[in-house]
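Chemist: any chance you can model this:
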Amino acid sequence: MENKKLNVLVVGSGGREHAIIKALKKSPRLAKLVCSPGNGGIARDCETANVAADDIDGLVNLAKNGNFDLVVSGPEVPLSLGLADRLRAESIAVYGPDKDGATLEASKAFSKAFLKKYKIPTAAGESFTDASEAEKFIRTAPFEVVVKASGLAAGKGVVIPESREEAASAAREMLEGGAFGESGREIVVEEKMEGEEASIMLMVCGEKYVMLPASQDHKRVGEGDTGPNTGGMGAYAPAAVATPAVLEDVRKNIVAPTLRGLAAEGIDYRGTLYVGIMITKSGAKVVEFNVRFGDPECQVLMPLIKSDVLEALNDIANGNLDPSKVEISDGFAAVVVMCAGGYPGSYKKGDAITLPPDCEIPDGAWIIHAGTKEKDGVITTAGGRVLGLTGTDKTLTGALAKAYELCKKVSFSGAFYRRDIAHRELERNK
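Modeler: Got it, this is the predicted structure:
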């Protein structure tokens, strides 16, 4: 039945999942929508279930018993644990790659070997499990290096050292000191690339795909890109640094060989492929692959998809994507992440959040909940990145204005956010 109404289960509890839920709710094909485990804001938009994102048995039982037609996995962990494989074995459609496909993110060593095998542009580098071998490579490499934990490290497993001494020390701490636990038992040491980064999200169905607008995340906690790295302080799309020529280069030299390579490896990839690129003097190169939407990039991409998001995800999950059916807006979107005081270090939880009534949220703006809980009708802080304030408009400045206007309407103790999201883009446009 072409237009059957669908029962949908979304797995996850962050801003990415809330943005997906807001997009799914617009679909005329939506029957039932549940998120597990969800958060305080998600619970106001749909039903939630109390099954953790890494409880694969629990999620499979929930999907079977709830008669779900489609499961959308937000984060990478359940995918790396084989959630998609288990669901497909039960004949439940899932948006997200199988365990083999998820290895692109779960193992940087696998990813590096894949890039080399299929001659996809990336930084020169090697994988190591022995600290002495890693140190020898670090001290003799003909380039400056970065050190990466191979396994999943929640976006924090990368060290950009100031010196070779610091690089050797980081490698030793990962391999022998357990700096990142099991995730750091194997490391990748690679060339430090020079250029500007951008995020390219693809919605992939085998060798067919939709390329969403290029976005740019802001990792450093402080304005002017200063201070420690975070999970992301804000993002905007489309990013002009990814010019039409750059995007063509990415399609031809990165996307096409990657999808051909996955097929050659016997991987039927259905889900998001996030390609982090560095735009260097010699062309775009892959920084990393992720197997899910970026967070906070998802908060600016969902509002830019004009067509039915549920239809697209369901088509991909069932292996029959028609890329021409997915329409992208020609506008802009920006998200500002509001954080708890002390983040990315230790921070307080449980502070009450004051939110504006719906009637005060401007048209084209969304409040996305990331680290929140609801107790006795009160929304409180429950994470470091608490909210994403998103604006959309015909211009980037208009989108930013809506997002920052929304920031003024929200408050909680110790709240802070960057006031210079998209600063590079604004400088370019001067």
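Chemist: mind listing the helices for the stretch 251-400 of the chain?
Modeler: Shown for the stretch 251-400 of the chain, the helices assigned by DSSP state H, counting those that start in this stretch span residues 256-264, 297-301, 309-317, 396-408.
Chemist: report the distance from the first one to the chain centre.
Modeler: Here helix 256-264 is found 21 Å from its chain centre; the criterion is CA atoms, centre = their mean, to the nearest Å.
Chemist: now do the contacts for residue 45.
Modeler: Neighbour list for residue 45: 18, 21, 22, 25 [criterion: CB atoms under 8 Å, 6 or more residues apart in numbering]. All C-beta atoms are positioned from the backbone trio N, CA, C, and that covers glycine.
Chemist: would JSON lines of those residues with secondary structure and pLDDT be doable?
Modeler: JSON lines is the format used below for those (DSSP: H, G, I helix; E, B strand; the rest coil; pLDDT from 0 to 100):
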{"residue": "18", "secondary structure": "helix", "pLDDT": "98"}
{"residue": "21", "secondary structure": "helix", "pLDDT": "98"}
{"residue": "22", "secondary structure": "helix", "pLDDT": "97"}
{"residue": "25", "secondary structure": "coil", "pLDDT": "97"}
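Chemist: what's the burial count for residue 175?
Modeler: The tally of other residues near residue 175 (other CB atoms under 10 Å) stands at 24.
Chemist: for the spatially closest residue to it that is not a sequence neighbour, grab the count of nearby residues.
Modeler: Sequence neighbours aside, residue 131 is the residue nearest to residue 175 in space, at 4.3 Å (criterion: CB to CB, 6 or more residues apart in numbering). A count of neighbours around residue 131, defined by other CB under 10 Å, yields 17.
Chemist: hang on, the earlier thing: quick check: PyMOL command selecting the buried ones in the contacts of residue 45.
Modeler: Selection command for PyMOL covering only the buried members of the contacts of residue 45, criterion 16 or more other CB atoms under 10 Å:
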select buried, resi 18+21+22
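Chemist: closest to residue 169 among the contacts of residue 45?
Modeler: The shortest approach to residue 169 among those belongs to residue 18, at 39.0 Å (CB to CB).
Chemist: is it true that the closest one touches residue 385?
Modeler: No. Distance between residue 18 and residue 385: 11.8 Å, which falls outside the contact criterion (CB atoms under 8 Å).
Chemist: quick check: neighbours shared by those two?
Modeler: Applying CB under 8 Å, 6+ apart, one finds that residue 18 and residue 385 are jointly contacted by residue 370.
Chemist: could you report the neighbour count for the nearest residue to residue 274 once chain neighbours are set aside?
Modeler: In space, not counting the residues next to it along the chain, residue 274 is nearest to residue 290; the distance is 3.7 Å by CB to CB, 6+ apart. Around residue 290 there are 22 other residues, counting by other CB under 10 Å.
Chemist: what's the neighbour count on residue 35?
Modeler: Residues contacting residue 35 under the criterion other CB under 10 Å number 26.
Chemist: mind giving me the domain split of the chain?
Modeler: When the chain is parsed with automatic domain parsing, its domains come out as 7-98, 130-185.
Chemist: ends of stretch 43-52, what's the gap?
Modeler: End-to-end distance of stretch 43-52: 15 Å, with CA to CA, to the nearest Å as the criterion.
Chemist: go through it and flag the buried ones.
Modeler: 43, 45, 46, 48, 51.
Chemist: what sits opposite the nearest residue to residue 69 once chain neighbours are set aside in the beta ladder?
Modeler: Taking CB to CB, 6+ apart as the measure, residue 69 lies nearest to residue 6, with 4.4 Å between them; neighbours along the chain are not counted. Taking DSSP bridges, one obtains residue 30 as the residues bridged to residue 6.
Chemist: residue 6 and residue 314 touch, don't they?
Modeler: Yes. Between residue 6 and residue 314 there is a contact under CB under 8 Å: 6.2 Å.
Chemist: pLDDT below threshold where in the stretch 101-250 of the chain?
Modeler: Applying pLDDT under 70 to the stretch 101-250 of the chain picks out residues 153-156, 179-181, 183-184.
Chemist: where do the strands sit along it?
Modeler: Listed in chain order, the strands found in the stretch 101-250 of the chain under DSSP state E, counting those that start in this stretch are 125-128, 145-149, 158-159, 187-191, 196-205, 208-211, 216-217, 220-222, 226-229, 234-237.
Chemist: kindly reformat those strands as TSV and extend each row with distance to residue 411 and mean neighbour count.
Modeler: Listed next are those as TSV, based on distance: least, CB to CB, whole Å; neighbours: other CB atoms under 10 Å:
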stretch	distance to residue 411	mean neighbour count
strand 125-128	45	20
strand 145-149	37	26
strand 158-159	33	19
strand 187-191	42	24
strand 196-205	30	22
strand 208-211	38	20
strand 216-217	25	24
strand 220-222	20	16
strand 226-229	23	12
strand 234-237	18	28
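Chemist: can you redo these as TSV with distance to residue 328?
Modeler: As requested, those are exported to TSV (distance: least, CB to CB, whole Å):
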stretch	distance to residue 328
strand 125-128	34
strand 145-149	32
strand 158-159	30
strand 187-191	33
strand 196-205	11
strand 208-211	8
strand 216-217	17
strand 220-222	29
strand 226-229	30
strand 234-237	10
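Chemist: so who does the residue nearest the centre of the chain touch?
Modeler: The structure's the chain has its C-alpha centroid closest to residue 294; by CA atoms, centre = their mean the separation is 1.4 Å. Going by CB under 8 Å, 6+ apart, residue 294 touches 16, 199, 201, 215, 217, 232, 235, 274.
Chemist: try it again with 7 Å
Modeler: Taking CB atoms under 7 Å, 6 or more residues apart in numbering as the definition of contact, the neighbours of residue 294 are 199, 201, 217, 274.
Chemist: one step back: deepest of the domains of the chain, which one?
Modeler: A comparison of the domains of the chain by mean neighbour count, using mean count of other CB atoms under 10 Å, puts domain 7-98 on top with a mean of 21.
Chemist: mind checking the end-to-end distance for that one?
Modeler: With CA to CA as the measure, the first residue of domain 7-98 is 21 Å from its last.
Chemist: tell me where the stretch 251-400 of the chain has strands.
Modeler: According to DSSP E, counting those that start in this stretch, the stretch 251-400 of the chain carries its strands in the segments 270-280, 283-290, 332-339, 365-369, 372-375, 378-381, 385-393.
Chemist: only C-alpha atoms, please: export the fifth one in PDB.
Modeler: Yep, that's strand 372-375 we're talking about. What follows is strand 372-375, C-alpha atoms only, in PDB (Å, rounded to 0.1, in the frame of the first residue of the first chain):
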ATOM      1  CA  THR A 372      16.300  18.200  29.400                       C
ATOM      2  CA  LYS A 373      14.000  16.200  31.600                       C
ATOM      3  CA  GLU A 374      10.400  16.800  32.700                       C
ATOM      4  CA  LYS A 375       9.300  16.200  36.300                       C
END
